[in-house]
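[1] pasting a predicted model and its sequence here:
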Amino acid sequence: MSRRPLPLSSDGENIVVASGIEKSFGRGSGRIHVLRGLDLTVRKGEFLAVMGPSGCGKTTLLHVLGLVTPQDAGGVFLNDRQVPMTEAARNALRRKHIGLVFQRFNLINVLSAADNVAIWLRVRGLPADGRVQPLLEAVGIPHLARRKPSQMSVGEQQRVAVARAVAHDPDLLLADEPTGSLDSGNATALLELLRNLNRQRGQSIVMITHSPEAAAFADRVVHMKDGRLLP
Amino acid sequence: MRPAAARQRYEKTVMGWLPLANILHHKLRSALSALGIGIAVCMLITLAGLSRGSLFEIAQRWESVDADLIVLPRGWGDNASDKSGAALADRYANKITEELPKLVRRVVPVFTWQMKLAGQDQMATGVEPDQWDALSGGRTIGQGRLFDPRGDYGRWIRAKLLTGGTGDGEVIEITEQDLSDPAHNGLELVIDTRLAEAGGYQLGQTVFVANHHWRIVGIVPAGAMSRVFLPRATAQYLFGNGDMTRSTLMFVKLAEGVDPGPAVGAVAKLTGQDVVAVTRYRGMLMEKFGIMFVYVDAVNAVAMIIAFLFIMITLYTMVLQRTREIAILKCAGASNLFLARQIAAESLILSGAGTVAGVGMSFLAARAIQAFRPLLTVTITWEWIAVAVAVALVGAMASAVYPAWKAGRVDVAEALAFE
């Protein structure tokens, strides 16, 4: 799988390491190389922002780091252990260690805010009893537990999505343009929420963003272009 | 239950809640899907109840005759359920009682014919007035009286036909006025309560049927062998070409303790005619009309298949519409089994609701049918309800297979690529 030597095990301070990641889509002449030997290290407790123009491979990188999409080449290390390529193993690791926040929230419309969080826990085999309301309190919307997504503002929906993503206390929170659908007020509030999670809970975060203002909330910003990180 | 406890239980069942929430979110589509199942279930129960109910009701009426055997003209065999007319010589009645006195207690010859009443053909049965009790299974006339109660008509018509001519080819002419002469009351009918209700017939009413005017002189509780009864002599004269010596079939009552099995052989040997046990009549009906059940069951099967295709399309559409939601659940670690369970649960809820509605609708349909067509019998049995429930459950699970498989194949990265 790996074309280049993978980095030796680190000092135990890295939450995720991507080494020599290559990913392409399509076949033949229509084949598009999205990630071209990308290397990235995220340290535990780090809030990392990834910026870059559209089409540079940011979301694909996030999917590779989130074990949603397998890379074509290279390796991903999670907590210093190489992630296997089998789907079952990747599912198990994703279920336990990864939280995902999307630009368009992706809440389940027919369920209330509380149930959106609860089902996220139950699918993972975790008890939801007594855990949902504190999570909604942590993201500042305890009063919206019974509301359905259609009864909430976009900012409130994104807070539910964050509560859902961190409900199982993941090692790594991946956020794909989480402020992309929010106005500036809601965006700032959300970014402060993410930063608080990072600071207060030590939550490792990788956030994709187009926005320099959003990136400013991160500890470190890396830039991508043409499937690689810029030096 | 306290709110907190209720809430905890609610949270525990949130995964079970998701299918119901999805169904409630798409109320119209869900209602239509359940209605499709309901209509199919209703059809299954109602058509089965109607076809079998009507047939079994006829069989029960024949079984109500106080007799053990039926003597049929040779060759009718198992195909006697729709025969009528002058087919069997009355002399066999005497022959049987005289030559098999230890076996046979009574023989009741009857003449059957089709008469159109209440808009449909009814099997009318001609019987001697003094044999009414045996034929009707001891039923008493609820309203009015029996036709020709003193046998005046029978004696008159037989005397007329046997002695009225000169014997050298003179045509004996009997007019309707002769038949209905108050002195001997030939054109009288007894009908049962269901026919009276269906046709709106009243006691004493005159009806024109079979080219004659008949007076309804009695109404008997439903359940007797046929819905229309008339003097056998009238039936023989009018519908048997004036042959007063032949009937259609005979009911034989065996002596106490006689085994019907050997008795069938003895009577058949004596008469040379076909003889069957009364209990065999149900089987004869089934053999004659059993093909109807095949058609009914085929129609039911098609209706059920269409209903479940509808469910499958609904679930499949749901999977297509909720690709992103499914992807999100997969992102959270939901297994294919979990997704399959969700879809199967939706299918079961839709089918369950449809089945409950369908069972209820079948009872309403039965009442409606019997209100508008009182002569039809819809017998809804627990067996057929159980069949309908079982078919609905199996169909629900089968309908969920393909959508569940499709849900399991949702590509998470592709579904989320539209971000």
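    Sure, I can see it. Residues are numbered from 1 along each chain as shown, chains lettered A, B, ... in the order given.
[2] can you give me the distance of A:Ala215 to A:Leu48?
    10 Å (CB to CB, to the nearest Å). Just so you know, the C-beta spots here come from the backbone N, C-alpha and C atoms, and that holds for glycine as well.
[3] name the nearest residue to the residue of the stretch 51-200 of chain B found nearest chain A, sequence neighbours excluded.
    Nearest residue of the stretch 51-200 of chain B to chain A: B:Ser51, at 42.5 Å (CB to the nearest CB). Sequence neighbours aside, B:Val296 is the residue nearest to B:Ser51 in space, at 4.7 Å (criterion: CB to CB, 6 or more residues apart in numbering or on different chains).
[4] what's the answer for A:Gly227, then?
    Excluding the flanking residues, the one nearest A:Gly227 by CB to CB, 6+ apart is A:Arg36, at 3.9 Å.
[5] so what's A:Ser54 up against?
    Residues near A:Ser54 by CB atoms under 8 Å, 6 or more residues apart in numbering or on different chains: A:His210.
[6] which SS state does it fall under?
    Following DSSP: H, G, I helix; E, B strand; the rest coil, A:Ser54 is assigned to coil.
[7] tell me the phi and psi of it?
    Phi and psi for A:Ser54, reported as degrees, to the nearest 10, are phi -60, psi 140.
[8] same check on B:Arg91?
    phi -60, psi -20.
[9] which residue is nearest the middle of the chain?
    With no chain named, the answer covers chain A. The structure's chain A has its C-alpha centroid closest to A:Leu174; by CA atoms, centre = their mean the separation is 1.0 Å.
[10] hmm, no, I was thinking of chain B.
    Note: chain B centre (CA atoms, centre = their mean) maps to B:Ser54, 1.6 Å.
[11] what is the longest strand that chain B contains packed up against?
    Using DSSP state E, we find that the single longest strand of chain B is strand B:104-117. Under the contact criterion of 3 or more CB pairs under 8 Å, 6 or more residues apart in numbering or on different chains; DSSP states H and E, strand B:104-117 touches helix B:91-99, strand B:120-127, helix B:132-135, strand B:206-209, helix B:232-239, strand B:246-247, strand B:249-254.
[12] partners of that strand in the sheet?
    Paired with strand B:104-117 in the same sheet, following DSSP bridges, are strand B:120-127 (antiparallel), strand B:249-254 (antiparallel).
[13] which residues does the shortest one contact?
    Contacts with strand B:249-254, where a contact means CB under 8 Å, 6+ apart, come from B:65-73, B:80, B:83, B:87-88, B:92-93, B:96, B:103-110, B:112, B:134-135, B:260, B:263, B:267, B:275, B:278.
[14] quick check: next helix or strand after the strand or helix carrying A:Lys96?
    Assigned by DSSP states H and E, A:Lys96 belongs to helix A:87-97. Beyond helix A:87-97 in the direction of the C-terminus, DSSP H and E gives the next helix or strand as strand A:98-101.
[15] for the helix or strand that comes right after that next one, which outside residues touch it?
    With elements assigned by DSSP H and E, the helix or strand that comes after strand A:98-101 is helix A:113-123. The contact list for helix A:113-123 (CB under 8 Å, 6+ apart) reads A:95, A:107-108, A:111, A:127-128, A:131-133, A:135-136, A:141, A:144-149, A:152, A:156, A:160, A:163-165, A:167-168, B:11, B:14-15, B:17-18, B:21, B:329, B:332-334, B:338.
[16] where does the residue lying closest to A:Leu144 once chain neighbours are set aside land on pLDDT?
    The shortest distance from A:Leu144 to any non-neighbouring residue, by CB to CB, 6+ apart, is to A:Ala113 (5.1 Å). At A:Ala113, the model reports a pLDDT of 92.
[17] and what of A:Val222?
    95.
[18] dig out what it forms beta bridges with.
    A:Val50.
[19] isn't it up against A:Leu48?
    Yes. Using CB atoms under 8 Å, A:Val222 is in contact with A:Leu48, at 6.7 Å.
[20] out of those two, which sits in the busier spot?
    With neighbours defined as other CB atoms under 10 Å in any protein chain shown, A:Val222 and A:Leu48 compare such that A:Leu48 has more, 22 against 19.
[21] quick one, phi psi at that one?
    Dihedral angles for A:Leu48 - degrees, to the nearest 10 - are phi -110, psi 130.
[22] for B:Leu189, phi and psi?
    Dihedral angles of B:Leu189 (phi, psi; degrees, to the nearest 10) stand at phi -130, psi 150.
[23] to clarify, my last question referred to B:Gly218.
    phi -160, psi 150.
[24] same deal with B:Ile380?
    Note on B:Ile380: backbone dihedrals following degrees, to the nearest 10 are phi -90, psi 120.
[25] so it touches B:Gly49, yeah?
    Yes. Between B:Ile380 and B:Gly49 there is a contact at 4.6 Å, judged by CB under 8 Å.
[26] which residues are common contacts for those two?
    With CB under 8 Å, 6+ apart, B:Ile380 and B:Gly49 have common neighbours B:362, B:366.
[27] the two: who's more crowded?
    Counted by other CB under 10 Å, B:Ile380 and B:Gly49 do not tie: B:Gly49 has more neighbours, with 23 against 18.
[28] ok, the more buried one - contacts?
    Taking CB under 8 Å, 6+ apart, one finds B:362, B:366, B:378-381, B:384 in contact with B:Gly49.
[29] restricted to helices, list the residues you listed.
    When DSSP state H is applied, the contacts of B:Gly49 are split such that B:362, B:366, B:384 fall in helices.
[30] looking at the residues you listed, which is nearest chain A?
    Closest to chain A, out of all of the ones in helices among the contacts of B:Gly49 and judged by CB to the nearest CB, is B:Ser362, at 31.7 Å.
[31] can you count the residues close to the spatially closest residue to that closest one that is not a sequence neighbour?
    Distances taken as CB to CB, 6+ apart place B:Ile45 nearest to B:Ser362, at 3.8 Å, with adjacent residues excluded. Neighbourhood size, B:Ile45 [other CB under 10 Å]: 27.
[32] where does chain B get nearest to chain A, which residue?
    B:Gly333 (2.9 Å).
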